[in-house]
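Chemist: Fold the following for me, if possible:
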Amino acid sequence: EDRLFFASDYFDQMYEAAVKLIKKGKAFVCDLTAEEMREYRGTLTEPGKNSPYRDRSVEENLRLFEEMKDGKYQDGEKVLRAKIDMASPNINMRDPIIYRVAHMTHHNTGDKWCIYPMYDFAHPIEDAIEHITHSICTLEFEDHRPLYDWVVKECEFDPAPRQIEFSKLYLTNVVTGKRYIKKLVEEGIVDGWDDPRLVSLSALRRRGYTPESIKRFVELVGVAKANSSVDYAMLEYCIRDDLRLKKSRIMAVLDPIKLVIDNYPEGQVEYLDAPNNPENPELGSRKIAFERELYIEREDFMEEPPKKYYRLFPGNEVRLMNAYFVRCESFVKDENGNVTEVHCTYDPETKSGSGFEGRKVKGTIHWVPVNHCVNAVVKLYENLVDEEKGVYNEDGTMNINPNSLTVVDNCYIEEYQVRQIKMLKKWLILLNTENFMLVEVSMVTEHTPIQM
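Modeler: So this is what the prediction gives:
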């Protein structure tokens, strides 16, 4: 907060700078209407014409400018213009307006002023006052740089800031325009300016992006003078790579089916050691409950698997992560043919961390214990825009991906993180077999088993 600045903090200095220009014969008060000013301005191929008020004396300009400040003129009745060159090939240098009359209440200065500086005049002065060395702008401001330099020079600022232009950073299939985001918010397509499908600062913060990950992204992209676009997947890669070694991971099952270990003692619970982050031992370990009935992901079991499917199917053996080997013996279906239970047997000699060196298994699946987990509502996000069609249609409407948000009820998360989840209710790293994903936990309730 101590580094928060407003251009309006310097309105007094800007007014003094304008007075200095008038005294130097570099600014004048003009009475031309907006329409007349456009006619006098000329075109890209034809020079403009001098305003009939351009040769007013310094004394008259000072008096008129003070009267503008004192509120004696209506909006648009008079303006203060820089006196540069109406024949300049750069239209921005053809005696641009630097002050206008505007009877309005300002959010920072209230009703103190009824004249306000134009952006091209205020920008370089603010930079100079704040001792900015290099003002970074996008390419469309390149034609405004001569005016920036002129203001700094004629207002006699030393040291003088420099304006440098670079291309905008475009992300593929991402809505960045403020008016388009505003429309998405107003129409309820997203749930606010911090919706995780957006790339506003508040949205990136809500999604869990760290400053380090964004800096890394900027470093990878680099800076350029030519407009180009970067795949949004690169930004996602940066946050995953940054969090990969920093954060603890927990197990969760988003589409559960029950797994019953028939030869495990009924009613028995044992607590197994599990690393908080398999790639970073410094984050320590936690205890997870293991019992006869577990939840596993529905996709981790198939009745008739294709080739190279290494998870559970009848007769196959897999490792339950941080636990034991289990072999699928049978399964149960409901009247609609959906699998509701998978029955397995476990080998107590294969406990994780015991040094077992017998047979090998190719598959490892995650799980949560039925009676030692919490029920959660999880939001899964995809790209807001239909990736195949691009962001905008020819008529300017947006191609919204209908599956950009999926709300999943009856998800189960290991109980170790219940307190943290209830406190944060935001993005968590959930272990998803070989990889990890970021999901938003929007609500956590007491455990209520799914009725099978």
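
Chemist: got the residue ranges for the helices in the chain?
Modeler: In the chain, the segments counted as helices under DSSP state H are 11-23, 34-41, 58-69, 119-129, 145-154, 178-186, 201-207, 211-221, 232-243, 418-424.

Chemist: Out of those helices, which is closest to Asn393?
Modeler: helix 178-186 (12.3 Å; C-beta to C-beta). For every residue, glycine as well, the C-beta is placed using N, CA and C.

Chemist: Tell me if I'm right that Met14 and His123 touch.
Modeler: No: with contacts counted by C-beta atoms under 8 Å, Met14 stays clear of His123, the gap being 10.4 Å.

Chemist: Check the nearest residue in space to Phe121 that is not next to it in sequence and give its pLDDT.
Modeler: Among residues not flanking Phe121 along the chain, Ile98 sits closest, at 3.9 Å (C-beta to C-beta, 6 or more residues apart in numbering). Ile98 is assigned a predicted lDDT (pLDDT) of 97.

Chemist: now Ile98: how far from Glu236?
Modeler: In this view, Ile98 and Glu236 are 44 Å apart by C-beta to C-beta, to the nearest Å.

Chemist: got the end-to-end distance for stretch 213-231?
Modeler: 15 Å (C-alpha to C-alpha, to the nearest Å).

Chemist: Which pLDDT does the model give Glu394?
Modeler: Reading off the model, Glu394 has pLDDT 67.

Chemist: quick revisit: most tightly surrounded among the helices of the chain?
Modeler: helix 119-129 (a mean of 21; mean count of other C-beta atoms under 10 Å).

Chemist: Output the contacting helices and strands for that helix.
Modeler: helix 11-23, strand 97-101, strand 134-138, helix 145-154 (3 or more C-beta pairs under 8 Å, 6 or more residues apart in numbering; DSSP states H and E).

Chemist: try 6 Å this time
Modeler: helix 11-23, helix 145-154 (3 or more C-beta pairs under 6 Å, 6 or more residues apart in numbering; DSSP states H and E).

Chemist: Rebuild the ones you listed as a markdown table, extending it with mean pLDDT.
Modeler: Converted to a markdown table, the helices and strands packed on helix 119-129 look like this (pLDDT from 0 to 100):
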| stretch | mean pLDDT |
| --- | --- |
| helix 11-23 | 97 |
| helix 145-154 | 97 |
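
Chemist: is it possible to export the ones you listed to CSV including distance to Asn375?
Modeler: Below are the helices and strands packed on helix 119-129 laid out as CSV (distance: least, C-beta to C-beta, whole Å):
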stretch, distance to Asn375
helix 11-23, 56
helix 145-154, 59
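
Chemist: Which one, of those helices, ends up nearest to Met68?
Modeler: Closest among the helices and strands packed on helix 119-129, once you apply C-beta to C-beta, is helix 11-23, at 10.1 Å.

Chemist: What angle do helix 145-154 and the closest one make with each other?
Modeler: Counting by axes from the mean of the first three to the mean of the last three C-alpha atoms, to 10 degrees, helix 11-23 points 90 degrees away from the direction of helix 145-154.

Chemist: Identify the residues contacting helix 11-23?
Modeler: Contacts to helix 11-23, defined as C-beta atoms under 6 Å, 6 or more residues apart in numbering, come from residues Ala27, Val58, Asn61, Leu62, Tyr99, Trp113, Pro117, Ala122, Ile125, Cys155.
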